[in-house]
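# the sequence and its predicted three-dimensional model are supplied below.
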Amino acid sequence: MIEQWGLLGVTLSAFLSATILPGNSEVALSAYLLHYPQRVWPALLLASCANAAGSMTSYYAGRAAKWPQTHRAVQWMRRWGLPSLLLAWLPLVGDGLCLAAGWLRWPAVWSALLIFAGKFARYCVIALILV
């Protein structure tokens, strides 16, 4: 039973960490994996999905935003294109990338897949170090 509550905590922490609310999903995931290393795949998948979903809230906020054409994140995104969303896991920078992708009206499905891929890779590195 405690395993499931721990997984819920990892999921909530991952979602909140990807929004403008403070959170530290890496710490929650690490603590969970130290106690339940046999549950690495469910933890990785749930944390990655929840963290990507949190970033997609920023993406949709960007769709509704009125930003100037000269905003730094928008300029950067135009230069590097859709693959730049692989860096959405970066602290502070990642939020701006997701907002800019929404503002630029980049395809939501591709944006979500690239955001997920970057976040999953980051969590896999954490898991490889711990397990």
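Received, thanks. Note that the structure is a prediction, hence the values are computed from the model and not measured.

# show me what the worst-scoring helix or strand of the chain on mean pLDDT is packed against.
In the chain, no helix or strand scores lower on mean pLDDT, DSSP states H and E than helix 72-80, which sits at a mean of 81. Applying 3 or more C-beta pairs under 8 Å, 6 or more residues apart in numbering; DSSP states H and E, one finds that helix 72-80 contacts helix 93-103. Backbone N, C-alpha and C define where each C-beta goes, glycine included.

# what packs against the helix or strand following the helix it packs on?
Note on helix 93-103: by DSSP states H and E, the next helix or strand toward the C-terminus is helix 108-130. Counting by 3+ C-beta pairs under 8 Å, 6+ apart, the packing neighbours recorded for helix 108-130 are helix 25-35, helix 40-64, helix 93-103.

# may I have helix 108-130 exported as CSV, CA atoms only?
The C-alpha trace of helix 108-130 is given here as CSV (Å, rounded to 0.1, in the frame of the first residue of the first chain):
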residue,chain,number,x,y,z
ALA,A,108,0.5,19.9,-29.6
VAL,A,109,1.1,16.2,-30.3
TRP,A,110,4.7,16.7,-31.5
SER,A,111,5.4,19.1,-28.7
ALA,A,112,4.1,16.7,-26.1
LEU,A,113,6.1,13.8,-27.5
LEU,A,114,9.4,15.8,-27.6
ILE,A,115,8.7,17.2,-24.1
PHE,A,116,8.1,13.7,-22.8
ALA,A,117,11.2,12.3,-24.5
GLY,A,118,13.5,14.9,-22.9
LYS,A,119,11.9,14.4,-19.5
PHE,A,120,12.0,10.6,-19.7
ALA,A,121,15.7,10.7,-20.6
ARG,A,122,16.5,12.9,-17.6
TYR,A,123,14.6,10.6,-15.3
CYS,A,124,16.4,7.6,-16.8
VAL,A,125,19.7,9.1,-16.0
ILE,A,126,18.6,9.6,-12.4
ALA,A,127,17.4,6.0,-12.2
LEU,A,128,20.7,4.7,-13.7
ILE,A,129,22.6,6.5,-11.1
LEU,A,130,20.5,5.1,-8.2
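
# re earlier: among the helices and strands packed on helix 108-130, which is nearest W5?
Closest approach to W5 among the helices and strands packed on helix 108-130 (C-beta to C-beta): helix 25-35, 10.1 Å.
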